[in-house]
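**Student:** Take this sequence and fold it.
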Amino acid sequence: MSVIIAALRTLGIAGRKVSSAARDWAIVAGVFAVLAGVATVWLSIDRLPPQWDHANHLERVVTCAEDLARGDARRVLERSSFYPPFVPCTAALVYRLWPTDEAASQAVVLLFLGLGMGATYLLGRRFSGGAAGVVAATAFGTAPFVVYISLRFQLDLPLAAMVALAIEALLRTEGFRRSNWSLTAGIVVGLGLLTKPTFLVYVLVPIVWLAVQIDDRRRLANAAAALAIAAVLSLPWYGLRLFGLSAQIGSRSFKQAAESGHSHPLSAAALGYYPWTFVMQFGAIAVALFVIGLLIAVRQHRMLLVSVVLPFAVFELIQNKNLRYTLPLLPLAATVAGLGFAALPRRARLGAGALLVVAGGLQITATAFGMPPDLRISGVGIPLAIVAPPSREDWRQRDILALIASDSGGAPTTVSVVPNYALFSVSNFRYYAVRDGRPFSFSRAWDDEPLGVHYMILKTGDVGPSWTAAKIQRINARLASDRNLARIFPVIGEFPLPDGSVGSVRVRRMPAHLDVAPSAFARAVAAGLRRQLPEVARDVERFDVKLQYDRDVLSGHVRRAEISAATATLGEWTRGNPAVLKIEDLRIVIDDLLVNPYSAWEEGRLEPLDARRFRLERARIRAADLREFLRHLKGAGRTSVTLAAGFADVTVGLPGPDVRARVRLLAVQDRPFAIETERVQIGVVPVPDFLTNWVIRNFDPAPGIAARMPFPVEIGSVTMTPSGIEIGEPGR
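**Tutor:** Alright, predicted model coming up:
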């Protein structure tokens, strides 16, 4: 209550002048203390598992803590392909001192909330005085979506704090006149880039605005120093992803959004999403002040106006819509709201201040505890808060993992988490396993066959978003209807879940020997393989299958399968119009092939389950066939390959300068192949030898192939000639 009274006095309700900076800071700190107290109470009650990205980021905290304990800086930099390490590794440092990763992570989120409120106050004070700064900080901290996201370990609230701090630091450089603040701005911008790749979108306008004002050498030197510091801090992470990151951002912005059912970016639904949800995100009173502030900014503060409008336009035109993406604009929106507050007559400021305090309190309680449960704008129906009260529901992840650990004897094993339900998905299962030190590898719902899967976790009822549900429901239906698959994967545990559904665990259990002759069973396996051949190969000549087996073949274990063909055209023929590759003199060896013996014998259908190794022993690919394959391969349309004696000259077409390299393929055991490169060029600029791997790793497909395959894949020795590629030794 004392905080509210002090805030009202500062805003002029008691008829007093605007208070000192110390009073302002005390009020901002008081509002933050209330928010931190609410978060502490909420977290002490809530027991829901973290959802999707929330779980992934918490997992990263644990793995970063382990990397830091080993002093393995390289793994810290290589862990994530898209999310930089600053926030999770900051939480990891706290985690090493705190008993739980969740408490440590939430403490870091609250630290960034306080930092963001402080920076927002400074921005508001800069543009319209101390009272407006308090309004801005309060509007930001009590915004419904800020309250909601402060209860979850996500990167967007830290990003908002770093955006506000970076803009304040940049403005304090006074156009890069001040050396000390220029260096500070370089540090903050570098750390902001290490918070999330989209950081630059939010701060680009102030950077350009200040840069175009540089008119002397001293200011230019200060700007260059700031740029150098930001580059030194951020390049170790971004350099490893120099070319792949832009493709990821594009894919997340459009391709994945389309797959997830988002509207076309120029449709009315897409363009109206952020304006329609702005009140729910920022708060009704704050939005009203923001609208007034926009009118002031148009006339008096163009830089602030463009800093809000331009990034907002960028996210308006991106197909993937989420309130988290515009959250980092809220400190600037709050600064504009401060302008609006300062422009009001004194009596109107009194009412606006009182309404902001009352609305802020309602937004906090409605979001965190559902009190009131349905806070809306009367007559319009727009919600004024994202209601997310704590819950003590147990979704049984740790019980399920304990069952798997007991059944497997604690040995490393592979688990397929089939559902993609927010509270019951591979993300939170993997997080709990990492946190508890379980030696499990996780995958999502399997495709055609459960290759490499030892345990399955399934769920009845709601299995997740519509764009993933169809695949999951097909798996559930198949297990219900395919008697022989269900026999191989019996249920070993069922767990009632809070939504009324049932979670279950299945394990792969190979039967004792079938009561048939081993030779007859081997013929059934070979026949099943021949029947499935059209799914992966067409135009096959002189196809042959040889099996090496003993009596264990009656349990589905084939010691060695050798597949050969004089010619074959390979492709994923079941997927419509695939890119296909013609291969000659083909020989594949599969060691310790495991198949479903019931399906093979009773149905004549090959159902592969696992293998110790898949090896391409021999193949010949003609140069013309390789060029034709690349021409139709998705994502490789601008890639050209010119074969020569012992190497290939490869050019990868990019939106900017192309990348060229001389490439050799090497046979290795830990992945399908290794790439050895030399003469790497970006456009016409040669890349120094010590940076070659830094560039080429973005284009090396081998790690991705290895990560997707459930068992090791290898190839024989590779020989390149102008006429084609030869794998293995011909005639062997």
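**Student:** contacts and neighbour counts: CA atoms only from here.
**Tutor:** OK.
**Student:** quick one: the helices in the stretch 401-550 of the chain?
**Tutor:** 426-435, 466-481, 483-488, 518-532 (DSSP state H, counting those that start in this stretch).
**Student:** Name the secondary structure element that contains V308.
**Tutor:** Using DSSP states H and E, V308 maps to helix 302-317.
**Student:** now for that helix, which elements pack on it?
**Tutor:** Secondary-structure packing of helix 302-317 (3 or more C-alpha pairs under 8 Å, 6 or more residues apart in numbering; DSSP states H and E): helix 199-211, helix 268-282, helix 284-300, helix 323-326, helix 330-343.
**Student:** Kindly export it (C-alpha atoms) in PDB.
**Tutor:** What follows is helix 302-317, C-alpha atoms only, in PDB (Å, rounded to 0.1, in the frame of the first residue of the first chain):
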ATOM      1  CA  ARG A 302      10.700  11.100 -34.500                       C
ATOM      2  CA  MET A 303      13.500   8.800 -33.500                       C
ATOM      3  CA  LEU A 304      11.400   7.200 -30.700                       C
ATOM      4  CA  LEU A 305       8.400   7.000 -33.100                       C
ATOM      5  CA  VAL A 306      10.400   5.200 -35.800                       C
ATOM      6  CA  SER A 307      12.000   2.900 -33.200                       C
ATOM      7  CA  VAL A 308       8.600   1.600 -32.300                       C
ATOM      8  CA  VAL A 309       6.900   1.600 -35.800                       C
ATOM      9  CA  LEU A 310       9.600   0.100 -38.000                       C
ATOM     10  CA  PRO A 311      10.200  -3.100 -35.900                       C
ATOM     11  CA  PHE A 312       6.500  -3.400 -35.400                       C
ATOM     12  CA  ALA A 313       6.000  -3.300 -39.200                       C
ATOM     13  CA  VAL A 314       8.700  -6.000 -39.600                       C
ATOM     14  CA  PHE A 315       6.800  -8.400 -37.300                       C
ATOM     15  CA  GLU A 316       3.500  -7.500 -38.900                       C
ATOM     16  CA  LEU A 317       4.800  -8.700 -42.200                       C
END
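**Student:** Need the mean per-residue confidence for that helix.
**Tutor:** With pLDDT averaged residue by residue, helix 302-317 scores 95.
**Student:** any low-confidence regions in this structure?
**Tutor:** Low-confidence segments of the chain (pLDDT under 70): 1-19, 379-380, 637, 730-732.
**Student:** quick check: longest helix of it.
**Tutor:** helix 101-128 (DSSP state H).
**Student:** Show me how far the next helix-or-strand element following it is from its chain's centre.
**Tutor:** As assigned by DSSP H and E, the chain's next helix or strand after helix 101-128 is helix 130-141. On the basis of C-alpha atoms, centre = their mean, to the nearest Å, helix 130-141 sits 32 Å off its chain's mean C-alpha point.
**Student:** Mind checking what helix or strand follows helix 130-141 in sequence?
**Tutor:** helix 144-149.
**Student:** Show me what that following helix is packed up against.
**Tutor:** helix 268-282, helix 346-369.
**Student:** Could you report the separation of P498 from K459?
**Tutor:** 12 Å (C-alpha to C-alpha, to the nearest Å).
**Student:** ok, the two, which is more surrounded?
**Tutor:** K459 (25 against 11; other C-alpha atoms under 10 Å).
**Student:** List the beta-bridge partners for the closest residue to that one other than its chain neighbours.
**Tutor:** Leaving aside its sequence neighbours, K459 sits nearest to G503 (C-alpha to C-alpha, 6 or more residues apart in numbering; 4.4 Å). Counting by DSSP bridges, G503 is bridged to K459, F495.
**Student:** if I pick G503, what's in contact with it?
**Tutor:** I457, L458, K459, T460, E494, F495, P496, L497 (C-alpha atoms under 8 Å, 6 or more residues apart in numbering).
**Student:** is it true that the last one touches D399?
**Tutor:** What that stands for is L497. No. Counting by C-alpha atoms under 8 Å, L497 sits too far from D399 to count as a contact (11.7 Å).
**Student:** The two: which is more packed in?
**Tutor:** Neighbour totals were compared for L497 and D399, and L497 leads with 16 against 12 (other C-alpha under 10 Å).
**Student:** And the closest residue to that one other than its chain neighbours, how far from A139?
**Tutor:** Leaving aside its chain neighbours, L497 sits nearest to W395 (5.8 Å; criterion: C-alpha to C-alpha, 6+ apart). Separation of W395 from A139 (C-alpha to C-alpha): 35 Å.
**Student:** ditto for M456
**Tutor:** In terms of C-alpha to C-alpha, M456 sits 47 Å off from A139.
**Student:** do the same with R218
**Tutor:** According to C-alpha to C-alpha, R218 stands 38 Å off from A139.
**Student:** Which residue of these two possesses the greater neighbour count?
**Tutor:** More crowded of R218 and A139, by other C-alpha under 10 Å: A139, with 31 against 14.
**Student:** isn't the more buried one right up against V358?
**Tutor:** No. Taking C-alpha under 8 Å as the definition, A139 is not a contact partner of V358, at 11.3 Å.
**Student:** Highest mean neighbour count out of the helices of the stretch 401-550 of the chain?
**Tutor:** Highest mean neighbour count among these (mean count of other C-alpha atoms under 10 Å): helix 426-435, with a mean of 22.
**Student:** List of residues touching that helix?
**Tutor:** Contacts for helix 426-435 (C-alpha under 8 Å, 6+ apart): 49-53, 55-56, 58-59, 62-63, 397-398, 401, 416-420, 439-444.
**Student:** Next, A257: secondary structure please.
**Tutor:** helix (DSSP: H, G, I helix; E, B strand; the rest coil).
**Student:** Now do the contacts for A333.
**Tutor:** F290, V308.
**Student:** care to break the protein down by domain?
**Tutor:** Split into domains by automatic domain parsing, the chain comes to 2-238+265-369, 397-507, 515-611, 617-732.
**Student:** what separates the longest one from the chain centre, distance-wise?
**Tutor:** Read that as domain 2-238+265-369. With C-alpha atoms, centre = their mean, you get 21 Å for domain 2-238+265-369.
**Student:** do the same with the third one
**Tutor:** Computed by C-alpha atoms, centre = their mean, the chain-centroid distance of domain 515-611 equals 36 Å.
**Student:** what distance separates the start and the end of it?
**Tutor:** Criterion C-alpha to C-alpha; first-to-last residue distance in domain 515-611 is 24 Å.
**Student:** do the same with stretch 454-466
**Tutor:** End-to-end for stretch 454-466, by C-alpha to C-alpha: 27 Å.
**Student:** Buried residues, it. List them.
**Tutor:** Buried residues in stretch 454-466, defined by neighbour count with 16 or more other C-alpha atoms under 10 Å: H454, Y455, M456, I457, L458, K459, T460, D462, V463, G464.
**Student:** now swap in stretch 256-272 and tell me
**Tutor:** In stretch 256-272, counting by 16+ other C-alpha under 10 Å, buried: A257, A258, H262, S263, H264, P265, A270, L271.
**Student:** And for it, what's in contact with it?
**Tutor:** Contact with stretch 256-272 is made by E316, L317, I318, Q319, N320, K321, S466, W467, as judged by C-alpha under 8 Å, 6+ apart.
**Student:** Go again with 6 Å.
**Tutor:** Residues outside stretch 256-272 that contact it (C-alpha atoms under 6 Å, 6 or more residues apart in numbering): E316, L317, I318, Q319, N320, W467.
**Student:** Please indicate which of these are buried?
**Tutor:** Using 16+ other C-alpha under 10 Å as the threshold, E316, L317, I318, Q319, N320 are the buried ones among the contacts of stretch 256-272.
**Student:** ok, now which ones touch the last one?
**Tutor:** It refers to N320. Residues in contact with N320 (C-alpha under 6 Å, 6+ apart) are S253, A257.
**Student:** Please tell me how far it sits from I590.
**Tutor:** 42 Å.
**Student:** Could you do the second one as well?
**Tutor:** L317 is 49 Å from I590, where distance means C-alpha to C-alpha.
**Student:** circling back: go ahead and report the secondary structure state at the residue nearest to L497.
**Tutor:** coil.
**Student:** Look up phi and psi at it.
**Tutor:** phi -90, psi 10 (degrees, to the nearest 10).
**Student:** and if you look at I725?
**Tutor:** Per degrees, to the nearest 10, the backbone of I725 is at phi -120, psi 130.
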